[in-house]
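Undergrad: Sequence and computational prediction follow.
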Amino acid sequence: MKNEKKCVIFIIDGLGDRPNEQGKTPLMDAKTPTMDKIAKEGICGLMNAIDIGIRPGSDTAHLSILGYDPYKVYTGRGPLEAFGVGLDLKEGDVAFRCNFATVDENFVVLDRRAGRISPEEAEQLEKVIDGMEIDGVKIIFKSSKGYRGVLVLRGEGLSCKVSDGDPHEEGVKVNEIKPLDDSKEAKRTAEILNKLLKIVYEKLNNHPINEERRKKGLPPANIILPRGAGVVSKIEKFYDKYKMKGACICGTGLIKGIAKMVGLDPIEVEGATGTPNTNFMGKAKALVDALKKYDFVLVNVKGADEASHDGNYDLKKEVLEKIDNMLSYVFEHISREDVYFVLTGDHSTPIEMKDHSADPIPIVIWGKSVRVDDVENFNEFSCAKGGLHWIKGEHIMKILLDLTGRNEKFGA
Ligand code: ZN
Ligand code: ZN
């Protein structure tokens, strides 16, 4: 018989926090009646996406929550960005994030963003770089949102153990890219990249687009600065791993990259921006719709993390209230008979730190026959008293497989 039970993992990015001087977190302070109702009707606990004491990035946290070991499949940001802009990557490809930048004739960086060149200009320059070949290695380049882009090296004998070309500041020379280990692959990769940067400068410096820019008094985009090298590893696709047809609703390129990498279908929502002004209700409606077609949906809502990085307590609270409103729409349209719903975050982003911390985050699993506990509020403190106790991100998919009757028995 076909298994009809659906699963949702709903991630509030940067959800968790530390108490302020009044002993409150934004989640405790925010009016979140729907989250509290879910907590009341579900089984609650605390969760660390990777492990105790590990401060995750959003990328590694999401991988872990989807049941992939980030220590095995994550080698750097590059591949995720490259998947995120829609490139078809192959195992062994080495990928980088890049900026178009402005350098003088001595390769001193004058502007790390080349005056924020327009996407149209970037697309013209992209054509110059994309498709080149150096020492038998194919160069793939794609610009995204103007001055940003991704660079992929495809060929034999490459390694991601190389340093950044991007010096991460202006007024200094572009870094010579160096191998980070003793392998001949790292040495070869660094050599190819250093050659590439010289060729790119020669080809771009007097390119008509840049001549135009100079005439207008704008800095030319005459170099690319690669950073965040990573190698594309072999990864078991989500469907093969769980036998569930999966989709992902998110606004940020990084999470889109993860979705593409593991084989979740992206669902585009107009106005889903990954900021505190994202189209919350659009995402809620997209989720309800997606559940008609998919067995599994991952949702990421990013605004609370942005507010935390800015140290803005009130904005974080406000975003959480908007998310609560969005959840109330979702819960009017789903039933416990056919959906298991996991509400949690990917990591804490305490206001006081303006960055991710290792503090565990609240989690609730809602659905038919879960062991409902006494927790009545969804926050860092009440969920600590819940029936799930403490789990890791890697346990979530396993619990869902079990609740929906999809896992195999171990033994007779
Ligand atoms: Zn995050
Ligand atoms: Zn963050």
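TA: That came through, no problem. Numbering: from 1, shown residues only. Ligands and ions are numbered 1, 2, ... in the order given.

Undergrad: Give me the distance from the helix or strand where Ala304 lies to the chain's centre.
TA: In the assignment (DSSP states H and E), Ala304 maps to helix 303-309. Mean-position distance between helix 303-309 and its chain equals 14 Å (C-alpha atoms, centre = their mean, to the nearest Å).

Undergrad: same question, stretch 362-379
TA: Distance, centroid of stretch 362-379 to centroid of chain: 26 Å (C-alpha atoms, centre = their mean).

Undergrad: Repeat that for stretch 273-280.
TA: Distance, centroid of stretch 273-280 to centroid of chain: 15 Å (C-alpha atoms, centre = their mean).

Undergrad: which parts of that stretch are buried?
TA: Gly274, Pro276, Thr278, Asn279, Phe280 (16 or more other C-beta atoms under 10 Å). From N, CA and C alone the C-beta is placed, and that goes for glycine too.

Undergrad: which of these lies closest to ligand 1?
TA: Gly274 (10.3 Å; C-beta to the ion).

Undergrad: Could you report the pLDDT at that closest one?
TA: Here, the pLDDT recorded for Gly274 equals 67.

Undergrad: going forward, begin numbering at 689 instead of 1
TA: Done: numbering now begins at 689, and the last item shifts to Gly962.

Undergrad: quick one: the strands in this structure?
TA: Taking DSSP state E to define them, one finds strands in the chain at 694-700, 731-736, 782-791, 797-799, 821-822, 825-832, 836-842, 911-919, 934-937, 953-954, 984-989, 1027-1033, 1049-1054, 1077-1080.

Undergrad: Using CSV, write out the CA atom coordinates for the first one.
TA: Meaning strand 694-700. These are the backbone C-alpha positions of strand 694-700, laid out as CSV (Å, rounded to 0.1, in the frame of the first residue of the first chain):
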residue,chain,number,x,y,z
LYS,A,694,3.4,13.6,4.7
CYS,A,695,6.2,15.3,6.6
VAL,A,696,7.1,18.9,7.0
ILE,A,697,10.3,20.3,8.6
PHE,A,698,9.8,23.9,9.3
ILE,A,699,13.0,25.8,10.1
ILE,A,700,12.9,29.2,11.7
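
Undergrad: how far is that strand from where the chain is centred?
TA: Computed by C-alpha atoms, centre = their mean, the chain-centroid distance of strand 694-700 equals 15 Å.

Undergrad: pLDDT on that strand, on average?
TA: The average pLDDT for strand 694-700 rounds to 98.

Undergrad: neighbouring contacts of that strand?
TA: 750, 753-754, 932, 975, 979, 982-989, 992, 1008, 1011, 1015, 1022, 1026-1034, 1084, 1088, 1092 (C-beta atoms under 8 Å, 6 or more residues apart in numbering).

Undergrad: redo that, cut-off 7 Å
TA: Strand 694-700 is contacted by residues 753, 975, 979, 983-989, 992, 1011, 1026-1034, 1084, 1088, 1092 when judged by C-beta atoms under 7 Å, 6 or more residues apart in numbering.

Undergrad: just the second one next, same as before
TA: Residues external to strand 731-736 that are found in contact with it (C-beta under 7 Å, 6+ apart): 742, 1032, 1046, 1048-1053, 1058-1061, 1063, 1071-1072, 1074-1081.

Undergrad: Buried only: go through these for me.
TA: Here, 16+ other C-beta under 10 Å leaves 742, 1032, 1046, 1048-1053, 1058, 1061, 1063, 1071, 1074, 1076, 1079-1081 buried among the contacts of strand 731-736.

Undergrad: if we can go back for a sec, JSON lines for the buried residues of stretch 961-968, including distance to ligand 1?
TA: Converted to JSON lines, the buried residues of stretch 961-968 look like this (distance: C-beta to the ion, whole Å):
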{"residue": "Gly962", "distance to ligand 1": "10"}
{"residue": "Pro964", "distance to ligand 1": "14"}
{"residue": "Thr966", "distance to ligand 1": "14"}
{"residue": "Asn967", "distance to ligand 1": "19"}
{"residue": "Phe968", "distance to ligand 1": "17"}
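
Undergrad: returning to that earlier point: weed out the non-buried ones from the contacts of strand 694-700.
TA: 753, 975, 979, 983-989, 992, 1011, 1027-1034, 1084, 1088, 1092.

Undergrad: and ligand 1, which of these reach it?
TA: When contact is defined as C-beta under 5 Å from the ion, the buried ones among the contacts of strand 694-700 meet ligand 1 at Asp1034.

Undergrad: how many neighbours does Val957 have?
TA: Using other C-beta atoms under 10 Å, Val957 has 20 other residues around it.

Undergrad: picking up where we left off before, among the strands of the chain, which comes closest to Asn1067?
TA: Each of the strands of the chain has some distance to Asn1067 by C-beta to C-beta; the shortest is strand 1049-1054, at 6.1 Å.

Undergrad: For the closest one, which strands pair with it and how are they oriented?
TA: Its sheet considered, strand 1049-1054 pairs with strand 731-736 (antiparallel), strand 1027-1033 (antiparallel) by DSSP bridges.

Undergrad: So which residues lie in contact with that strand, not counting its own?
TA: 703-704, 726-727, 729-735, 1028-1033, 1035-1036, 1066-1068, 1071, 1076, 1087.

Undergrad: Appreciated, that's everything.
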